[in-house]
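Chemist: The sequence and its predicted three-dimensional model are supplied below.
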Amino acid sequence: MTIGVTRGWALVLLTSLGATQAMAQATGGGGTATVGASYSTVYGATADIGLDVDNLFGTGVDVNLSHRGGAEGRASSLAVTRRWSLGDTGLGRDAELALSLTASQSDWDNRPYSEQRSKVELSYSAALSKNLRWSGSLFWQQDRLDDLNAGLSPVLQQDAGTSRAAGAGVALRYDTSLDRGLLDPGMSAHAGLRFAVDGNGYRGSTRVNAGFEATQPLLGASVWRVAMEGGAIRGRGNDGYVHVLDRAFLGGHAPRGFAWGAAGPHDLTTGDALGGTKYATASLEMLAPVQGERFAAGLFADFGSAWGLPGVSGIDDAQNWRSSVGVSAYWNSGFGAMEFGVAKAINTFPSDDTNRFYFSLNTKF
């Protein structure tokens, strides 16, 4: 599992294609096609293409296809989902059953390996109250770790190749408003539990996670926002070993100021981030509107740590907290939602890779 996404200086511009309406009419549903370009210090310059089709040919099937690629790597994904609305049932109101088939692959220069995943999932969800919803799922997935860099940490090398897992999960989510703006007061919380049995490759595990976010008025139109999240995973083997694809990698946006994987255990010989089987993050931010509610600026303090590598020897996997402070700004511009800021890493270790600046812009027309 990856917590946060390393963005660095990023610019994403998406423009809808004129063929979108014609596609929607031809398929009997709604569709959106997007094309764009992006640049970041992490992924370099890339081209971005996306296609979303609802109710394909009137079958009730939704299709999502995306691709991002450039000189420094590529990533693609395909998701096909069929949903059935069940109305009110004995297990809750506004119930929905969904069957999804997904496939994805990624190969970036900033990662020491490439990833491929195929997954089948059957899920059920229903509302328990106006703001509370639960979901349960059954899944099967196959992953492949390939194209390993020369000199890669032996801790990562042992997970190379194909692995499989199957299992079940249950989750609970509370949200006072699904359409809250940046400065709108409200609260959301979630918790989840997942069991997986090992198909092969040390994928059997038990995972639990929980988190919450709250935004409340401070002074005038300003607000304070607090967020916390944590989780743990334990392998089903005698030594508790957890596959690298199931570990937590902190960095990027949780906590800000650190690169992907930086806020956790490393192989000090190779410098590779190894992830952890336990993680915790916290963020406190104060925001105030500037020239209306479309632009907000503020101050933040972030904390986070990933730790614990049972079954791995010779690695410092202690709970070493990282922290950062900085200035943040958000702008709901005419081009889309923009976020940028400056972060100063406070608690660091020699192996940590830090990012002082971050910037992102996402838009669709």
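Modeler: It's in.
Chemist: wait, residue 326 sits on residue 346?
Modeler: No: using Cβ atoms under 8 Å, residue 326 is not in contact with residue 346, being 10.0 Å away. C-beta here means a position set from N, CA and C on the backbone, and glycine is covered the same way.
Chemist: who's more crowded, those two?
Modeler: The neighbour comparison of residue 326 against residue 346 (other Cβ atoms under 10 Å) goes to residue 326, with 21 against 15.
Chemist: contacting residues for that one?
Modeler: Applying Cβ atoms under 8 Å, 6 or more residues apart in numbering to residue 326 gives the contacts 256, 257, 299, 300, 302, 341, 342, 343, 344.
Chemist: again, only this time at 10 Å
Modeler: Applying Cβ atoms under 10 Å, 6 or more residues apart in numbering to residue 326 gives the contacts 255-257, 285, 298-302, 341-345, 356-358.
Chemist: filter the residues you listed to the buried ones?
Modeler: Neighbour counting with 16 or more other Cβ atoms under 10 Å marks 255, 256, 257, 285, 298, 300, 301, 302, 341, 343, 345, 358 as buried within the contacts of residue 326.
Chemist: Let me know the closest of those residues to residue 78.
Modeler: Taking Cβ to Cβ as the measure, residue 358 is the one of those closest to residue 78, at 29.1 Å.
Chemist: Tell me the pLDDT of the closest one.
Modeler: You'll see residue 358 listed with a pLDDT of 71.
Chemist: And residue 241, by the same measure?
Modeler: 93.
Chemist: for residue 333, same thing?
Modeler: Model confidence at residue 333 (pLDDT) stands at 71.
Chemist: burial measure for it, as a count.
Modeler: Counted with other Cβ under 10 Å, residues neighbouring residue 333 total 12.
Chemist: Return the distance of it relative to residue 295.
Modeler: From residue 333 across to residue 295, the span is 8 Å (Cβ to Cβ, to the nearest Å).
Chemist: beta partners for residue 53?
Modeler: Listed beta-bridge partners, residue 53: residue 31, residue 63 (assigned using DSSP bridges).
Chemist: I'd guessed it sits against residue 61; true?
Modeler: Yes: contact criterion Cβ atoms under 10 Å: residue 53 and residue 61 qualify, at 8.4 Å.
Chemist: returning to that earlier point: make CSV out of the buried ones among the contacts of residue 326 and add distance to residue 118 and secondary structure.
Modeler: Compiled in CSV, the buried ones among the contacts of residue 326 are given as follows (distance: Cβ to Cβ, whole Å; DSSP: H, G, I helix; E, B strand; the rest coil):
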residue, distance to residue 118, secondary structure
255, 32, coil
256, 33, strand
257, 35, coil
285, 38, strand
298, 42, strand
300, 38, strand
301, 40, strand
302, 35, strand
341, 37, strand
343, 36, strand
345, 37, strand
358, 32, strand
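Chemist: Among those residues, which pair sits farthest apart?
Modeler: Farthest-apart pair in the buried ones among the contacts of residue 326 is 298 and 345; separation 18.6 Å (Cβ to Cβ).
Chemist: Low-confidence stretches in the stretch 251-365 of the chain?
Modeler: By pLDDT under 70, the low-scoring segments of the stretch 251-365 of the chain are 334-337, 359-365.
Chemist: Which residue ranges of it form strands?
Modeler: Secondary structure of the stretch 251-365 of the chain (DSSP state E, counting those that start in this stretch): strands at 278-289, 295-307, 322-333, 336-347, 357-362.
Chemist: Turn those into a markdown table, including distance to residue 271.
Modeler: Formatted as a markdown table, the strands of the stretch 251-365 of the chain follow (distance: least, Cβ to Cβ, whole Å):
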| stretch | distance to residue 271 |
| --- | --- |
| strand 278-289 | 20 |
| strand 295-307 | 16 |
| strand 322-333 | 17 |
| strand 336-347 | 17 |
| strand 357-362 | 22 |
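Chemist: which of those is buried the deepest?
Modeler: Most buried of the strands of the stretch 251-365 of the chain, by mean neighbour count (mean count of other Cβ atoms under 10 Å): strand 295-307, with a mean of 21.
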